[in-house]
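In: what's the 3D shape of this:
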Amino acid sequence: MLSILDRYFLRELAQTVAAVAVVLLVIMAGSAFARVLQQVANGSFPASVMFQVLGLNMLDGLSNLLPLSGFLGVFWSLGRMYRESEMHVLASSGMGPLGLLRPVALLAVCLVALVAVVSLWLGPWATRTADALVAAANRSVIAAGLDAGRFTELPGKGGIIFVDSLSRDGSVLGNTLIVTERPGKNNGPAVVKLVTGKSGQLYQDSNGDGRYLSLHDGWQYEIPLGADNWRKMQYERNDASLSNVQNNDSDDDPAHTLDTITLSHGTTPETRAEFAWRITVPIMAVVLMMLSLPLSRQTPREPRYGRMLLAVLAFFLYFNLLALCRSQIVKGHWHNAGPMWLVSLLVFAAAAWMFRNQYTARRPRKGNA
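Out: A predicted model of the protein is given here:
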């Protein structure tokens with residue numbers, strides 16, 4: 001049974017952690033939206049699935065956002081109690097370190113469970129779902145932005161396309177017109193290319209790097225602007241590029257899309273590094289919650305943001321150490337999450353030692369002989 005004091009601490013800490021999580025989520029949403037918008041502009045996927053992909057990407061990012069939210073939320077909430085002398089009053093009333101550890105530990109258990117679900121299952125599922133959604137959209141001319149009886153600009157400024165009819169599922173096109181423009185050779189005049197067809201169908205490369213329209217029974221014209229050397233060709237089938245998928249995502253990691261059970265049996269450095277990171281993130285949440293306890297202690301006259309700067313620096317140092325360990329696994333120098341756990345254990349031990357030191361009665365100084 002929780003005491004009144006435990007419920008008070010849990011309420012204050014949980015509200016602050018939730019508020020910090022919302023603020024960080026808004027910041028992450030802005031960054032993710034700019035990234036997704038750039039991919040849409042490059043033709044990586046159609047705009048019709050932009051918001052679904054954005055939501056799935058944000059869901060995947062919760063595994064790193066939640067530990068930071070817990071760390072900053074507990075730090076900020078306890079820091080406010082110290083500045084307003086609430087903690088000093090409670091300490092003078094007999095509340096020891098266990099009175100503070102108990103509600104923080106309960107909150108940490110809930111946060112670790114949530115982080116574990118996101119890191120081990122929900123995040124990879126969101127990534128796989130986003131990839132499947134993009135692949136399905138790129139195979140559908142309706143999702144790609146085409147509409148019967150309307151001129152449509154191709155993604156990535158690839159030109160203009162017009163179709164007079166579409167099947168219900170978007171797999172079969174009627175009469176089709178594609179107009180593109182490309183620079184001329186040897187600084188010559190630009191060339192306008194017109195391709196017509198009585199029917200067509202959209203398909204992708206086997207590796208998913210491009211979208212093409214297979215047109216049937218039509219004509220192709222190449223018209224140099226300002227010149228009269230036009231070219232005209234009749235064809236039975238003509239595969240025209242609808243848009244080249246330009247993937248500027250340098251952070252793509254195929255191992256990240258694998259489920260955790262498959263990942264645990266991986267033998268490549270990339271799969272080992274991804275698995276080590278997933279099982280370390282919940283531990284990171286516990287370590288950060290413990291680290292927030294000694295860092296939040298401050299006097300009423302202490303500058304409000306001095307400790308905040310120290311807390312942010314401590315977080316980045318710890319996070320970068322884990323990232324460095326992960327990079328060593330990717331390079332094949334290490335083969336498991338042991339070094340990452342060792343770093344977490346050392347940081348946790350240092351935080352526990354600082355917290356215990358704060359509640360240990362200091363010996364009075366001896367007078368000068």
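In: C-alpha from now on. contacts and neighbour counts both.
Out: OK.
In: Find the nearest non-adjacent residue to Ala352, please.
Out: Met290 (6.9 Å; Cα to Cα, 6 or more residues apart in numbering).
In: Distance check, that neighbour against Gly61.
Out: Distance, Met290 to Gly61, by Cα to Cα, to the nearest Å: 22 Å.
In: Tell me which of these two has more neighbours.
Out: The residue with more neighbours, out of Met290 and Gly61, is Met290; 25 against 20, by other Cα atoms under 10 Å.
In: Averaged pLDDT, the helix or strand hosting Val134. What do you get?
Out: Here Val134 sits within helix 123-139, counting by DSSP states H and E. Helix 123-139 comes out with an average pLDDT of 82.
In: Could you identify the helix or strand that succeeds that helix?
Out: strand 152-153.
In: Give the other helices and strands that that next one contacts.
Out: strand 160-163 (3 or more Cα pairs under 8 Å, 6 or more residues apart in numbering; DSSP states H and E).
In: Against which helices or strands is the strand it packs on packed?
Out: Strand 160-163 is packed against strand 152-153, strand 176-182, with contacts defined by 3+ Cα pairs under 8 Å, 6+ apart.
In: May I see the buried residues of the last one?
Out: Using 16 or more other Cα atoms under 10 Å as the burial criterion, the residues of strand 176-182 that qualify are Thr176, Leu177, Ile178, Val179, Thr180, Glu181.
In: now that strand: mean pLDDT?
Out: Here the average pLDDT along strand 176-182 is 85.
In: before we move on, back to that, need the buried residues of strand 176-182 in TSV with distance to Leu78, can you?
Out: TSV is the format used below for those (distance: Cα to Cα, whole Å):
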residue	distance to Leu78
Thr176	66
Leu177	66
Ile178	64
Val179	64
Thr180	62
Glu181	63
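In: What strand or helix carries the residue nearest in space to the middle of the chain?
Out: Nearest to the mean C-alpha position of the chain, by Cα atoms, centre = their mean, lies Gly61 at 3.8 Å. Element membership for Gly61 (DSSP H and E) is helix 50-83.
In: if I read this right, the residue nearest to the centre of the chain contacts Gly123, doesn't it?
Out: Yes - with contact defined as Cα atoms under 8 Å, Gly61 reaches Gly123; the gap is 7.3 Å.
In: can you give me the helices for the protein?
Out: Under the criterion DSSP state H, the chain carries helices at the ranges 4-41, 50-83, 86-92, 97-117, 123-139, 260-264, 269-296, 306-330, 338-358.
In: most packed of the ones you listed?
Out: helix 269-296 (a mean of 23; mean count of other Cα atoms under 10 Å).
In: List the contacts of His216.
Out: Contact partners of His216, counting by Cα atoms under 8 Å, 6 or more residues apart in numbering, are Gly197, Lys198, Ser199, Gly200, Tyr235, Glu236, Arg237, Asn238.
In: From Leu322, how far out is the nearest residue to it once chain neighbours are set aside?
Out: Take His216 and drop its neighbours on the chain: the residue closest to it by Cα to Cα, 6+ apart is Arg237, 4.4 Å away. Look at Arg237 and Leu322: by Cα to Cα, they are 55 Å apart.
In: With Thr152 instead?
Out: 48 Å.
In: that older thread, mind giving me JSON lines with the helices and strands packed on strand 160-163 and columns for distance to Met340?
Out: JSON lines is the format used below for the helices and strands packed on strand 160-163 (distance: least, Cα to Cα, whole Å):
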{"stretch": "strand 152-153", "distance to Met340": "49"}
{"stretch": "strand 176-182", "distance to Met340": "52"}
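In: between those strands, which one is nearest to Thr262?
Out: Among these, strand 152-153 comes nearest to Thr262, with 41.4 Å by Cα to Cα.
In: Tell me how far that closest one lies from the chain's centre.
Out: With Cα atoms, centre = their mean, to the nearest Å as the basis, strand 152-153 stands 30 Å off its chain's centre.
In: swap in stretch 123-137?
Out: 13 Å.
In: got it, and stretch 345-355?
Out: On Cα atoms, centre = their mean, the centre of stretch 345-355 falls 30 Å from the chain's centre.
In: Just the mean pLDDT for it, thanks.
Out: Regarding stretch 345-355, the rounded mean pLDDT is 93.
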